[in-house]
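K.L.:
What follows is a predicted structure for the sequence shown.
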Amino acid sequence: EYHVTKFSCKRSARSETEKGSPPAAADAKVPLQLTMSSKGKGKKGAEKWDVEDVIQAVVIADSFNFRFLPITIENPRALLPLVNRPLIDYTVEFLAVAGVQEIFVFCCAHAEKIKTHLEASRWMKPTSPVKLRIIISEDCPSVGDALRDIDSQSLIRSDFVLVSGDLVSNMELKEVIERHKEMRKKDKLLVMTCVYKKANPNHRTRSSEDDILIATNATDGRLLFCEKPLGRKKMAIPVSIFEENPDVELHYDVLDCHVSICSPNVAQLFSDNFDYQTRHHFIRGVLVSEEITGDRIYSHFISDQYAARVSNLRTYDAVSKDVIHRWVYPLVPDNMIEDTYSYGRHNKYLNTNVVLALGCILHEDVVIGNGTSIGTNSQISHSSIGHECRIGDNVTIEGSYVWDDVTIESNCTVRQAIICNGATVKANVTVEPGSILSYDVVVGPDFTVKAGSRLTTKRQADRSLFDSDWGSGEEEEGGAGGRKPVKQQSSREEEAVAEDVGREGRGFLWRPPSQDEEEDSDHIVIEKWPFEEKESLGSDSSASSSRSTTPESHMHMEVGDTDAIMFYNEILDSVRSGIAELVPNDNTILMINASKHAYNIPIQDVPQAVVKAILEGPQNSRTGQPSELLMYVKNAVSHFESLLQHYIKGHEAQVTVLNTFAECAALHPNVLAIFAKVVLQFYNADIVEEPAIVEWHSKLLEASDVFPKKQELLSSIRPVIEWLKSAEEESSEDEED
């Protein structure tokens, strides 16, 4: 059963009644009573559920920005396929699994397409565990107006979950809802609980658009401060926060999941304050006026669960990889009800009726949709291929996302690109990284699509039609939060520019605005895809002190630098959380092994990453004293003793670890100051043995004087070497006696 309400965001419920149409809220005003048959012995009749027992959710199926242009000119972001499944399906299933019984899907741009998709889904069948209601308002400009429209319809009757239609998550939402309800019993003025995930600033699913600094009360988790840096290196926090709260925690190591548990009066608060255009506006407004209204917001943190928004191309790539790597289980391809995939080693997912020609090679992390054929000697890795695609001979596809009904002819190379439905790549074409071929685009033959190109069959005749509101949207702080709907041209242009798409091509080059052309460029963050290492590693922002030291030359991996960085950051998170939360070694080993498999890291590189993560110490340890770092290392070795013995096996591994010690000491004075004590700590824990230390010392003596900090290292380790020699001599004398 479903109910569609279509109205203008500027029209009130009263105006609908005056026109003779029954208001959509009429049914909502009738007290809701659900009956449940009793299976207990001796019980008759039925139990009645209170309105408070019904869990509701509001899904905003519009991003109110243009991050995916030119793709979203023709289809909404909520319907873009993520590993061959529309984004909104992940969101609805997440809510259904969490026990949400009634879901309102608010649709704006391309509303009819979303409505058609949902009507055909299993969530509309009589057997569906949820009641899905579609609300359409095609001229709604922001999240705030969407909630005001919902409030005007009196649809909210209890606490509700507010999420975006591009959310992918497997978090335990029931726990958050229960905690919210318990806190409401204690604090009647609680209006919202926001969910944040622990994630370092350069975490792959964290977008710089969503960078956030928050302050919370360490005792009860009440949110005290919330601000987006938006490129700033310094931020001011009111002193009153620290004066009024004895125990305050500052967090820049969190990702805003855009999952909020809201009290029923949240929608009313949006109606009362038209300045609230975005969720972030609402949070800041409540915090600023807390002394006057008394309304409060609380925080809930998750660390070992998954939650991320697909907010731009970079996060689309990151979340797709996480789905393929099974971080989002049970939301994985082989667990889909709508599709039938078989799961094989190295994360290979094959649907039915897949035709693989002789000599084609499917490397790791590959998804192949139904009815797709792949030609002779073609190679596919780290990619998702949609349904009914035709891949020719000698084709190479790496790190790309090919959607449905795509044709790629022979001798083509596609790397880190998105190719949309119906597109054709003719013979001998190279698609360079960062390119987008929108719907029905044709390129080639004998052509190169330059890196970062975005091709569409819609002519960009009027720039304002495409990019006048590029920087505004739900994520942006600088704008009002709204945007005018993009008007689609009625027909496709038949002409094409050969220099953009090739001599037989069809389509046009879409040019995004440069920040120099934008009036509010200081408030716009446009992230590039593919991920560029320089952008991530070069930052020296004072707010980013928790950024990790990068692996660089210490880890010799047959993978790209990006994967090495992401792998190391996950190891750093695992090590720090393992020490801080006393996570059992077996659990941490499972997490490290999962990261190793996810990024295809050789086993011999894992000990180096673990040791470096320990030497990096807790956050901000580089600015502390060496004694503090030494205490941290001692605690780490004590806690991780069995884990370190598990990974550092054999003489060669021990020598390698000692080399890692030396390299870290050469780079960081704090590590150099405690170098000998760290070696001794590992020796006393039976992780590094005497022969390995002696051999490493001999090689260091023979090394060139160009070796960084050679003399300092020799001077530091000399007492340890002398002690080992004297202990060996004493042992020999005892044996002779």
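P.N.:
Alright, I've got the coordinates. Residues are numbered from 1 along each chain as shown.

K.L.:
partners of I408 in the sheet?
P.N.:
In this entry, I408 is beta-bridged to I391, V425, by DSSP bridges.

K.L.:
Just to check, it is in contact with T396?
P.N.:
No - between I408 and T396 no contact is recorded; they are 10.0 Å apart, counting by CB atoms under 8 Å. Any C-beta I mention is one placed from the backbone N, CA and C, and that applies to glycine too.

K.L.:
quick one: which of the two has more around it?
P.N.:
I408 (29 against 17; other CB atoms under 10 Å).

K.L.:
who touches both of I408 and T396?
P.N.:
V414 (CB atoms under 8 Å, 6 or more residues apart in numbering).

K.L.:
my guess is A609 meets N569, correct?
P.N.:
No - using CB under 8 Å as the test, A609 is too far from N569 to be in contact (9.9 Å).

K.L.:
out of those two, which sits in the busier spot?
P.N.:
With neighbours defined as other CB under 10 Å, A609 and N569 compare such that A609 has more, 27 against 24.

K.L.:
Please report how far the residue lying closest to that one once chain neighbours are set aside lies from K321.
P.N.:
In space, and not counting its chain neighbours, A609 is closest to I571: 4.5 Å by CB to CB, 6 or more residues apart in numbering. Distance, I571 to K321, using CB to CB, to the nearest Å: 17 Å.

K.L.:
Quick check: mean pLDDT of the strand or helix carrying V58?
P.N.:
Under the criterion of DSSP states H and E, V58 resides in strand 56-60. For strand 56-60, mean pLDDT rounds to 90.

K.L.:
Kindly report the same for stretch 262-272.
P.N.:
Throughout stretch 262-272, pLDDT has a mean value of 86.

K.L.:
Which residues outside that stretch are in contact with it?
P.N.:
By CB under 8 Å, 6+ apart, stretch 262-272 touches 144, 147-148, 150-152, 156-162, 184, 190-192, 276, 282, 286, 295.

K.L.:
Quick check: closest non-adjacent residue to I380.
P.N.:
Computed as CB to CB, 6+ apart, the closest residue to I380 that is not its neighbour in sequence is I397, at 4.7 Å.

K.L.:
Tell me who's in contact with the one you found.
P.N.:
Neighbours of I397 in contact, by CB under 8 Å, 6+ apart: S378, Q379, I380, S381, S383, I385, I391, I408, T413, V414, R415.

K.L.:
Return the subset of those lying in strands.
P.N.:
If you go by DSSP state E, those have Q379, I380, S381, S383, I385, I391, I408, T413, V414, R415 in strands.

K.L.:
Comparing I571 and K321, which shows the higher neighbour count?
P.N.:
Per other CB under 10 Å, whichever of I571 and K321 has more neighbours is I571, with 26 against 22.

K.L.:
Checking my notes, that one in a helix, right?
P.N.:
Yes - assessed by DSSP: H, G, I helix; E, B strand; the rest coil, I571 belongs to a helix.

K.L.:
Check the contact between T219 and D247; I expect there is one.
P.N.:
Yes - applying CB under 8 Å, one finds T219 in contact with D247, separated by 5.9 Å.

K.L.:
So which of the contacts of stretch 262-272 are in helices?
P.N.:
Among the contacts of stretch 262-272, DSSP state H puts G144, L147, R148, I150, D151, S152, R184, F282, V286 in helices.

K.L.:
Number of residues surrounding the fifth one?
P.N.:
Other residues near D151 number 21, with proximity taken as other CB under 10 Å.

K.L.:
contacting residues for it?
P.N.:
A267, Q268, F270, S271.

K.L.:
burial measure for the first one, as a count.
P.N.:
In this case it means A267. With other CB under 10 Å as criterion, A267 counts 24.

K.L.:
Could I get the pLDDT score of S542?
P.N.:
pLDDT for S542: 30.

K.L.:
ok, and the closest non-adjacent residue to K710?
P.N.:
The shortest distance from K710 to any non-neighbouring residue, by CB to CB, 6+ apart, is to A703 (6.3 Å).

K.L.:
The one you found touches L713, doesn't it?
P.N.:
No - contact between A703 and L713 fails when scored by CB under 8 Å: they sit 9.7 Å apart.

K.L.:
Could you pull up phi and psi at V367?
P.N.:
When quoted as degrees, to the nearest 10, the phi and psi of V367 stand at phi -120, psi 130.

K.L.:
beta partners for it?
P.N.:
Listed beta-bridge partners, V367: Y349, S384 (assigned using DSSP bridges).

K.L.:
That one and E388, how far apart?
P.N.:
14 Å.

K.L.:
Give me the more crowded residue out of the two.
P.N.:
Counted by other CB under 10 Å, V367 and E388 do not tie: V367 has more neighbours, with 27 against 15.

K.L.:
mind checking pLDDT for V559?
P.N.:
V559 is assigned 37 on the pLDDT scale.

K.L.:
Could you do S595 as well?
P.N.:
Here the pLDDT value assigned to S595 is 84.

K.L.:
was I right about it contacting Y568?
P.N.:
No - the pair S595 / Y568 is not scored as a contact, 9.1 Å apart, by CB under 8 Å.

K.L.:
More neighbours: these two, which one.
P.N.:
Y568 (27 against 22).

K.L.:
Which strand or helix spans the more buried one?
P.N.:
helix 561-580.

K.L.:
and whichever helix or strand comes after that helix, what does it pack onto?
P.N.:
Next helix or strand after helix 561-580 toward the C-terminus (DSSP H and E): helix 585-598. With contacts defined as 3 or more CB pairs under 8 Å, 6 or more residues apart in numbering; DSSP states H and E, helix 585-598 has these neighbours: helix 561-580, helix 606-616, helix 641-647.

K.L.:
in the stretch 501-650 of the chain, which ranges drop under the pLDDT threshold?
P.N.:
The stretch 501-650 of the chain contains residues with pLDDT under 70 at 512-562, 619-624.

K.L.:
Centre of the chain to stretch 250-262, how far?
P.N.:
Centre-to-centre, stretch 250-262 and its host chain are 12 Å apart (CA atoms, centre = their mean, to the nearest Å).

K.L.:
Correction: the previous question concerned stretch 321-339.
P.N.:
From the chain centre to the centre of stretch 321-339 is a distance of 15 Å (CA atoms, centre = their mean).

K.L.:
ok, now stretch 182-190?
P.N.:
Distance of stretch 182-190 from the chain centroid (CA atoms, centre = their mean) equals 30 Å.
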